[in-house]
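1. A predicted structure for the sequence below; I have some questions about it.
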Amino acid sequence: MESTPLVIIESAEALQAAIERMRGEAVLGIDTEADSMHHYTEKVCLIQVSDSARDYIIDPLAGFSLEPLSDLMADPQVVKVFHGADYDVVSMKRDFGFEIRGVFDTMIAGQLLDLPRVGLADIVGELFGWYMDKKYQTCDWSKRPLSSDQLDYARGDTHFLLAVREHFLRQLNKVDRLDIA
């Protein structure tokens, strides 16, 4: 993960530049962080995206429009890889009006493969030997500034998703469950 550039997006200009870089990508890893454990009315506080070359952290609390991201999210030709997509998809639709098409859910794929544990940390540890510390899972993501540990945690949730998908595609094909996934 250390050799992959991290791009922090806190402006409309930075978002547009990132979208231009992402446009040629066939697959994107996506996740969100919210403040649901700390506020009655929850909101998405971070959107993490990983492509084949970079990890991006988009800060929706920085006060710029995320509208330019909607076309990319709706494009069914770009596979969006999530782990436990249901919450993220619903949250992004609620907060930003995104229609998300072309979803591959690594949690569902893990269930279809009858894995004994389908948590992302378990899967990443098993496949790549990378320990994901989940202590930031329930922190208040609305508080700024974010620490470097929080940024590492957030990017870890998408950094491995493309590789996990590739591995699962091969495994699902072997057990003839790829169409179901």
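-> Yes, it's here.

2. so where do the strands sit in this structure?
-> 6-9, 27-34, 44-50, 55-58, 79-82, 103-105 (DSSP state E).

3. quick one, which of those is packed in tightest?
-> Of all the strands of the chain, strand 44-50 has the most neighbours on average by mean count of other CB atoms under 10 Å, namely a mean of 25. From N, CA and C alone the C-beta is placed, and that goes for glycine too.

4. for that strand, packing partners?
-> Packed against strand 44-50 by the contact rule (3 or more CB pairs under 8 Å, 6 or more residues apart in numbering; DSSP states H and E) you find strand 27-34, strand 55-58, helix 85-96, helix 148-159.

5. contacts for that strand next, please.
-> Contacting residues not belonging to strand 44-50 are listed as 4, 18, 22, 28-35, 55-61, 66, 69, 91-92, 95-96, 141-142, 146, 154-155, 157-159, 161-162 [CB atoms under 8 Å, 6 or more residues apart in numbering].

6. would you pull up how far it lies from the middle of the chain?
-> 6 Å (CA atoms, centre = their mean, to the nearest Å).

7. please apply the same query to stretch 117-135.
-> 15 Å.

8. first to last residue in it, what's the distance?
-> Criterion CA to CA, to the nearest Å; first-to-last residue distance in stretch 117-135 is 18 Å.

9. so for Arg117, which of the strands of the chain sits nearest?
-> Across these, Arg117 has its closest neighbour in strand 103-105 (15.8 Å, CB to CB).

10. low-confidence stretches in this protein?
-> Within the chain, the ranges that satisfy pLDDT under 70 run 37-40.

11. check which residues of the biggest helix by length in it are buried.
-> Using DSSP state H, we find that the single longest helix of the chain is helix 161-174. By 16 or more other CB atoms under 10 Å, the buried positions in helix 161-174 come out as Leu161, Leu162, Val164, Arg165, His167, Phe168, Gln171, Leu172.
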